[in-house]
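*Asks:* give the three-dimensional model of this entry:
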Amino acid sequence: MAKKFYITTPIYYPSAAPHLGHAYCTTMCDVIARGKKMRGYDVFFLTGLDEHGEKIQKNAEAKGVTPQQFVDEISVRFTSLWDAMEIKYSDFIRTTQPRHEKTVQKIFSRMVEQGDIYLSSYTGWYCVHEESYWTETQVGPEHLCPECGRPVEKKDEPAYFYRCSAYAEDLLRMYDANPNFITPESRKNEMVHTFIEPGLQDLCVSRTSFSWGVPVLENPGHVVYVWLDALTNYITALGYLQDDDSNFKRYWEDPDSEIVHVIGADITRFHTIYWPMFLNSLKLRQPNRVFVHGLLMMKDGKMSKSRGNTISAYPLIERYGVDAVRYYMVSEVPFGDNGTFTPEQFVMRINQDLANNIGNLVNRTVSMIIKYFGGVIPAFVSGVNPQDKELEEMMKDGLRHYEMLSDDLKVTEAYAEVMNVVSRANKYIEETAPWALAKDPEKSKELESVMAHLAAVLYYAGMLLSPILVKKSPAIFASLGLEEGKVSYDHVVDFGYLNGLTVVKGDQLFPRLDAAKEEEAIKEMMAAPKEKAAA
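*Replies:* Model prediction:
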């Protein structure tokens with residue numbers, strides 16, 4: 001039976017159209033999900049939108065539409081961007097869907113019955129933008145949100161609270177028992193020392209000052225406040241407490257299923273403190289890991305519509321192809337760290353890695369097999385040339401490292417292993433000099449071995465890079481004469497698998513770019529009106 005793997009992105013807040021920063025996290029999760037599927041895992045990949053809250057209600061009022069109309073329009077923009085980025089999710093959850101709202105009401109009622117949620121009142125400072133409450137000390141004398149720096153509002157209203165104090169000790173024990181639960185570890189230290197050890201305040205989980213949310217059945221006028229509503233999407237999307245809960249049993253209840261949440265740093269507290277507590281209340285298992293990714297930023301900081309420093313993915317995709325954009329995201333920023341988008345680095349990655357390295361290897365290999373062997377890939381024989389064994393071992397070791405790094409969510413490093421093999425194959429061509437071997441009839445076996453090894457590297461690279469290069473990997477397989485049904489991960493280091501196939505010369509995989517011209521073109525994209533670029 002296939003191993004099960006459940007991966008989620010955060011559910012994004014649809015207050016404005018998405019940009020390249022939103023696409024980064026979702027694309028990385030798509031690459032991880034595709035890689036697991038390629039290796040035979042039973043994968044469920046969830047993404048979606050957090051569509052409730054005061055900010056949505058105010059934005060809708062400003063536009064003269066209903067909150068539902070507002071989120072419906074923005075939702076299409078997100079799914080359209082995911083389609084353009086070739087993101088193949090299993091489900092797209094929206095917190096305004098009846099399946100979610102009804103389940104949230106059941107969860108809320110259960111927690112009230114258990115005494116984990118109680119009715120009280122709240123007086124304090126509230127940031128609409130961050131949807132967070134803060135104490136007098138935290139907002140300071142100027143009454144500014146410590147998270148975003150915007151002015152906060154004084155709130156005084158009846159509210160339900162979640163009893164965090166009842167689960168704090170359980171949370172610390174869970175951390176100790178699962179050292180990889182929060183990655184990177186620095187985030188765990190932050191949660192413990194900044195939030196848990198000083199004493200957790202009970203969490204406000206309902207509001208009465210606005211109406212755009214899931215109604216609380218026990219008390220009309222209250223709506224479920226954002227985090228109890230938003231976080232539970234990870235189980236409502238699977239069918240928890242619904243008539244069809246087969247996916248919930250399959251991907252969450254099964255103890256052998258690996259569950260991974262990928263989130264941004266700004267929501268770490270909610271996913272690693274409150275979400276585990278909610279799951280304890282419901283007597284459900286914990287995720288295996290909450291992975292805090294870094295940000296794809298601009299030179300002047302985090303991409304944000306309010307800063308006016310976003311860039312749309314659409315013109316990049318249109319000009320350079322979706323594979324180039326996906327590859328840049330994976331290769332440029334080590335997953336878990338912050339990185340900066342620049343036109344110079346984007347063009348350099350395309351030219352250096354895609355055009356000069358993998359594209360060059362495909363073009364040279366196919367051309368030489370056609371020239372020297374009439375297009376037929378020679379039979380693979382190990383160790384004919386002095387460099388053959390080294391290349392074979394590098395591929396085998398690279399595969400082991402690729403799987404190990406991928407399983408540890410070290411995505412950037414995993415794909416660097418593949419590109420190292422591609423670079424070595426280009427060097428192998430120079431070392432073996434097949435053009436010289438072709439001139440000596442006594443060197444025919446050496447020449448055959450060179451071509452067979454190069455073809456094997458192309459299959460290896462095409463397969464392992466396929467979670468990123470969703471358009472170009474099939475082109476690599478087609479150039480090797482492989483039918484779609486013959487492409488399988490099982491043969492990635494089966495070096496004789498291509499024996500006797502006839503290669504096909506195709507279009508250049510990645511044309512080399514004029515750096516100065518393309519850098520200027522990207523700068524113009526960055527300066528384009530943002531609403532037009534995102535449309």
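*Asks:* the strands in the stretch 51-200 of the chain, which residues?
*Replies:* Using DSSP state E, counting those that start in this stretch, the strands of the stretch 51-200 of the chain run over residues 91-94, 117-127, 132-134, 153-162, 182-183.
*Asks:* now the end-to-end length of stretch 182-198.
*Replies:* 20 Å (Cα to Cα, to the nearest Å).
*Asks:* buried residues in it, which are they?
*Replies:* Residues of stretch 182-198 classed as buried: 182, 183, 187, 188, 190, 191, 192, 195, 196 (neighbour count, 16 or more other Cβ atoms under 10 Å). C-beta here means a position set from N, CA and C on the backbone, and glycine is covered the same way.
*Asks:* my guess is the fourth one meets residue 180, correct?
*Replies:* The reference is to residue 188. No - judged on Cβ atoms under 8 Å, residue 188 makes no contact with residue 180 at a distance of 9.5 Å.
*Asks:* and residue 155, what is it in contact with?
*Replies:* Taking Cβ atoms under 8 Å, 6 or more residues apart in numbering, we find residue 155 in contact with 122, 123, 124, 125, 126, 133, 209.
*Asks:* where's the fifth one relative to residue 174, distance?
*Replies:* Note on residue 126: its distance to residue 174, by Cβ to Cβ, to the nearest Å, is 30 Å.
*Asks:* which residues sit against stretch 437-455?
*Replies:* 361, 364-365, 368-369, 371-373, 377-381, 384-385, 388, 391-392, 425, 428-429, 432, 434, 436, 480, 495, 498-499, 501, 503.
*Asks:* what about the strands in this structure?
*Replies:* Taking DSSP state E to define them, one finds strands in the chain at 4-12, 42-49, 91-94, 117-127, 132-134, 153-162, 182-183, 203-204, 206-207, 223-224, 258-264, 289-293, 296-297, 339-340.
*Asks:* excluding sequence neighbours, find me the nearest residue to residue 190.
*Replies:* Sequence neighbours aside, residue 268 is the residue nearest to residue 190 in space, at 7.4 Å (criterion: Cβ to Cβ, 6 or more residues apart in numbering).
*Asks:* give me the neighbour count for the one you found.
*Replies:* By the measure other Cβ atoms under 10 Å, the count of residues near residue 268 is 18.
*Asks:* measure it to residue 62 for me?
*Replies:* Counting by Cβ to Cβ, the gap from residue 268 to residue 62 is 30 Å.
*Asks:* how about residue 133?
*Replies:* From residue 133 to residue 62 the distance is 23 Å (Cβ to Cβ).
*Asks:* between those two, which one's more packed in?
*Replies:* residue 133 (20 against 9).
*Asks:* dig out what the more buried one forms beta bridges with.
*Replies:* Per DSSP bridges, the residues bridged to residue 133 are residue 126.
*Asks:* quick one: residues contacting it.
*Replies:* With contact set as Cβ under 8 Å, 6+ apart, residue 133 has these partners: 122, 124, 125, 126, 127, 155, 204.
*Asks:* one more pass at 6 Å, please.
*Replies:* Residue 133 sits next to 124, 126, 204 when contact means Cβ atoms under 6 Å, 6 or more residues apart in numbering.
*Asks:* tell me the pLDDT at the second one?
*Replies:* So that's residue 126. With respect to pLDDT, residue 126 scores 80.
*Asks:* isn't it up against residue 151?
*Replies:* No - using Cβ atoms under 6 Å, residue 126 is not in contact with residue 151; the gap is 10.7 Å.
*Asks:* for the two, indicate the residue with more neighbours.
*Replies:* Each of residue 126 and residue 151 has its neighbours counted (other Cβ under 10 Å); residue 126 has more, 21 against 13.
*Asks:* and the closest residue to residue 78 other than its chain neighbours, what pLDDT?
*Replies:* Of all residues not flanking residue 78 in the chain, residue 18 sits nearest, at 5.3 Å (Cβ to Cβ, 6+ apart). Residue 18 carries a pLDDT value of 88.
*Asks:* ditto for residue 134
*Replies:* Residue 134 is given a pLDDT of 80.
*Asks:* any idea how far residue 164 is from the nearest residue to residue 358 once chain neighbours are set aside?
*Replies:* Nearest residue to residue 358, sequence neighbours excluded (Cβ to Cβ, 6+ apart): residue 422, at 5.3 Å. Going from residue 422 to residue 164 by Cβ to Cβ gives 51 Å.
*Asks:* so what's residue 371 closest to, chain neighbours aside?
*Replies:* Closest to residue 371 by Cβ to Cβ, 6+ apart is residue 438, at 7.9 Å.
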